[in-house]
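[1] After the sequence you'll find the predicted model.
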Amino acid sequence: MVILEAESPLAEYRKITDEILMRMPDEDRYPRPAAEAVRSFLMLRLGLHLGLRQKNLRQLRLCPRGHFPTSERRLEDMKCGELRWNDRERGWEVLIPSVAFKNSGSSFFGQKPFRLILPDLLDLYKYLEHILFNPGHIQQP
């Protein structure tokens, strides 16, 4: 409740992500705890940017840069979304078909998928790419 009642709840969550990065263990000496810290950082950041329910966040698939993304029809069949690189927008995109959401019939979706290009704020892309492509080389800020 302290965070929700704060003047700026997002700023309070940002303090948590900053603290995670400050306390991140040296990845050369402690690779597993460092990877766990980055995972915690990314889960909070993705949760804040996307505003998803935990089920949708948990079921988010990953398509690494340079691979073909899963078709929207296939994502609909699986009822889950995907985090993937968008060459045209030059950014990490989250695409989730409306059927993957609890209230998929809501007028909010209008039968269209949820699509968001994640902003590269505070080195978000750096941490995404390190954990995805170089999990053994996580660099601290």
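    Right, received. Where do you want to start?
[2] so what's Leu116 bridging to?
    Taking DSSP bridges, one obtains Val94 as the residues bridged to Leu116.
[3] what sits against it?
    Residues counted as contacts of Leu116 (Cβ atoms under 8 Å, 6 or more residues apart in numbering) are 49-50, 93-94. Every C-beta, even on glycine, is put in place using the N, C-alpha and C of the backbone.
[4] any idea what sits nearest the most centrally placed residue in the chain, other than its immediate chain neighbours?
    Closest to where the C-alpha atoms of the chain average out (Cα atoms, centre = their mean) is Leu46, at 3.2 Å. Closest residue to Leu46 apart from its sequence neighbours, by Cβ to Cβ, 6 or more residues apart in numbering: Leu57 at 6.5 Å.
[5] sorry, back to before: could you identify the buried members of the contacts of Leu116?
    50, 93-94 (16 or more other Cβ atoms under 10 Å).
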